[in-house]
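>>> Any chance you can model this:
(one chain, ligands or ions: 2)
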Amino acid sequence: MPTLVLDRWQQPSRALGAAALAVPPATPAAERIGVLLLNLGGPDSLDDVQPFLYNLFADPDIIRLPSSVQFLQPAIAQLISTVRAPKSREGYEAIGGGSPLRRITEEQAEALRAALERKGVDAHTYVAMRYWFPFTEEAIEDVKRDGITRLVVLPLYPQFSVSTSGSSLRLLEKLLKSDPVLARMRHVVIPSWYQRPGYVRAMADLIEEQLRGGDSPFPRDLAEDVEIFFSAHGVPLSYIEEGDPYREEMEECVELVMAELRRRGVANSHTLAYQSRVGPVEWLRPYTDDSIRQLARDGVRGLLAVPISFVSEHIETLEEIDCEYRELAESVGIEHWGRVPALNTNEVFIDDLADAVVEALPYVSSLQRSSSSVASLSSGDALVPLGEVDALLETYDRDRKVLPPPTLMWKWGWTKSAETWNGRIAMLALVLILLLEATTGQGVVARLLQVHGLTAASNAVSAVGDAVEAVNSGAAEAVSNAVEAMTDAMGM
Ligand SMILES: C=CC1=C(C)c2cc3[nH]c(cc4nc(cc5[nH]c(cc1n2)c(C)c5CCC(=O)O)C(CCC(=O)O)=C4C)c(C)c3C=C
Ligand SMILES: [Fe+2]
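Residues are numbered from 1 along each chain as shown. Ligands and ions are numbered 1, 2, ... in the order given. The predicted model follows:
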């Protein structure tokens, strides 16, 4: 593993949190408080799917290329998004033609604002999505327009991952630094909050309700034998090996929820598995589908799926868990199936998030401009402690890779016509190279992959491989969709 990468994702150290702070000052009355909710975003309609995927795969935190070939990122993102779009679109079609993420996140923002008001804090809340509307750039403009003087940054991911919260924080750092007004605004980040008592309690409530409540999907005599099956979004294993605290935080989170359930007399056994892998590289194990098969082989008859890495309903709960994994479970002999709903605007949960904001507020100013501004505060024993964006990134992202702006259509070149032709030529060349590599398994990209063990380009090769397989197996429709989407996206 290259030292550079090891260096980049240093293991989060609890020792970092040892920098204790003095008692924080109270919030002065003239302050204008903002809470910025970071989230991933999702396509509002089927037409949005490909450009949304483009933004996702153009993110160097999702597709990681060595700097020497980073110029290929837009083309690779274009290729992967185009090839994946038909499959993705099918998923979004199955859940009503788009992602519910924007609506739910906006409801959460409003519920949080109201909860803060009940606690005597007058705050504005903002939704900042990473890959689709309302983009982080727009939210930050609103923060500026409203004259916010203290900003609490709250990623809506309970556990920290470089690929989610980390990516949003990198973008935020860029935006804050590039504007003198925003650079003066004081802020604090709550990087993860899986250990907060209200969150743990709310998760335990939902699980207990499914096992023991009036609407439980399980027969009474089976309830104690139902497997509590935590299914978290996966990340490539290489991220964890390079210091992403995601797995460790996830395991701690599951233990905390299970400890709360044990306190309530729930003695069911449990499993943690990882879903939604993309591409051919190794992701966090055990994989959700393998675990379901294994549990069935072990004689489990009832399974309660618990989405644990994300607090809103989204494509991976509504389609992947509710449809794909449920069908799989039934096909391997699991007779009784249940799924815990996402927290969405659950009162206990939102109230606890409001407490997290209130607890963080006094530290906004005391952290500012201090040299050791990563601090372990009253937020509990989180692996990634509270801090300022740049201090957190100093720990997690020393390389500070350049981030692309969000786009609705692929752009490359100086003039409109040059853009079109650059795009067409680059696309054709890349498709040819990757097609050759996918069919022969040899070539420059394949060698690069072997040398660097890269997720990204390997995903691209595999995606093209899938397309080739699709053609071979007569699935011409999928390919023609892909070509159509590619043509649309390039304005051809
Ligand atoms: C904790 C949550 C998430 C992690 C970690 C994460 C990592 C990650 N995701 C991809 C690839 C895709 N993610 C997609 C959608 C998507 N992912 C999350 C959450 C996490 N991702 C959410 C909330 C959503 C949005 C869902 C919605 O309702 O719109 C997609 C698009 C959907 C699809 O085609 O399956 C992709 C692709 C990678 C590669 C990755 C880590 C490197
Ligand atoms: Fe994802």
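
>>> hey, let's count contacts and neighbours off CA atoms from now on
Noted.

>>> Contact residues of the stretch 251-400 of the chain facing ligand 1?
Contact residues, the stretch 251-400 of the chain versus ligand 1 (Cα under 6 Å from any ligand atom): 278, 309-310, 314-315.

>>> Give me the buried positions along stretch 121-138.
121-137 (16 or more other Cα atoms under 10 Å).

>>> what sits up against it?
32-43, 52-53, 55-56, 102, 105-106, 109-110, 112-113, 116-117, 139-140, 142-143, 168, 171-172, 175, 358, 406 (Cα atoms under 8 Å, 6 or more residues apart in numbering).

>>> Inside strands: which ones of those residues?
If you go by DSSP state E, these have 33-39 in strands.

>>> Which helix or strand contains residue 259?
Here residue 259 is covered by helix 246-263, with elements defined by DSSP states H and E.

>>> In CSV, list the C-alpha atoms belonging to that helix.
In CSV, the C-alpha atoms belonging to helix 246-263 read as follows (Å, rounded to 0.1, in the frame of the first residue of the first chain):
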residue,chain,number,x,y,z
TYR,A,246,-16.5,3.6,9.4
ARG,A,247,-16.4,-0.1,10.3
GLU,A,248,-15.2,0.5,13.8
GLU,A,249,-18.0,3.1,14.4
MET,A,250,-20.6,0.8,12.8
GLU,A,251,-19.6,-2.1,15.1
GLU,A,252,-19.7,0.1,18.2
CYS,A,253,-23.0,1.5,17.1
VAL,A,254,-24.5,-2.0,16.8
GLU,A,255,-23.1,-3.0,20.2
LEU,A,256,-24.7,0.1,21.8
VAL,A,257,-28.1,-0.6,20.2
MET,A,258,-27.9,-4.3,21.3
ALA,A,259,-26.9,-3.3,24.8
GLU,A,260,-29.9,-1.1,25.0
LEU,A,261,-32.1,-3.9,23.8
ARG,A,262,-30.6,-6.4,26.3
ARG,A,263,-31.4,-3.9,29.1
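
>>> by contact count, what packs against it?
Counting contacts by 3 or more Cα pairs under 8 Å, 6 or more residues apart in numbering; DSSP states H and E, helix 246-263 packs against helix 197-212.

>>> Could you tell me the angle between the helix it packs on and helix 246-263?
With axes from the mean of the first three to the mean of the last three Cα atoms, to 10 degrees as the basis, helix 197-212 and helix 246-263 are set at 60 degrees to each other.

>>> Residues touching helix 197-212, excluding its own?
If you take Cα under 8 Å, 6+ apart as the criterion, helix 197-212 is touched by 193-194, 215-218, 223-224, 226, 253, 256-258, 260-261, 266, 304, 306, 338-341, 343, 346, 348-349, 351-353.

>>> Could you list which of the buried residues of stretch 121-138 belong to strands?
Counted as lying in strands by DSSP E, out of those, are 123-129.

>>> what's the farthest-apart pair in the residues you listed?
Largest separation among those by Cα to Cα: 123 and 129, giving 19.3 Å.

>>> Could you confirm residue 232 falls within a helix?
No: under DSSP: H, G, I helix; E, B strand; the rest coil, residue 232 falls outside any helix and is assigned strand.

>>> That one pairs with what?
residue 274 (DSSP bridges).

>>> Touching, it and residue 275? I think so.
Yes: counting by Cα atoms under 8 Å, residue 275 is a contact partner of residue 232 at 6.0 Å.

>>> Give the full set of residues in contact with residue 393.
Residues near residue 393 by Cα under 8 Å, 6+ apart: 166, 169-170.

>>> next one: residue 322
residue 339.

>>> Against residue 246, how distant is it?
Distance, residue 322 to residue 246, by Cα to Cα, to the nearest Å: 24 Å.

>>> Residue 204 now?
In this view, residue 204 and residue 246 are 21 Å apart by Cα to Cα.

>>> Mind checking which of the two has more residues around it?
The residue with more neighbours, out of residue 204 and residue 246, is residue 246; 24 against 21, by other Cα atoms under 10 Å.

>>> if I read this right, the more buried one contacts residue 159, doesn't it?
Yes: counting by Cα under 8 Å, residue 246 does reach residue 159; the two are 6.1 Å apart.

>>> near ligand 1, which residues of the stretch 51-200 of the chain?
Counting by Cα under 6 Å from any ligand atom, the stretch 51-200 of the chain sits next to ligand 1 at 62, 88, 99, 101, 157, 163-164.

>>> 5 Å instead, please
62, 88, 99 (Cα under 5 Å from any ligand atom).

>>> State the pLDDT value of the residue in the stretch 251-400 of the chain positioned nearest to ligand 1.
Of the residues in the stretch 251-400 of the chain, the one nearest ligand 1 is residue 314, at a distance of 3.5 Å by Cα to the nearest ligand atom. Listed pLDDT for residue 314 reads 98.

>>> my guess is it meets residue 103, correct?
No: in this structure, residue 314 is not within contact of residue 103 by Cα under 8 Å, at 10.7 Å.
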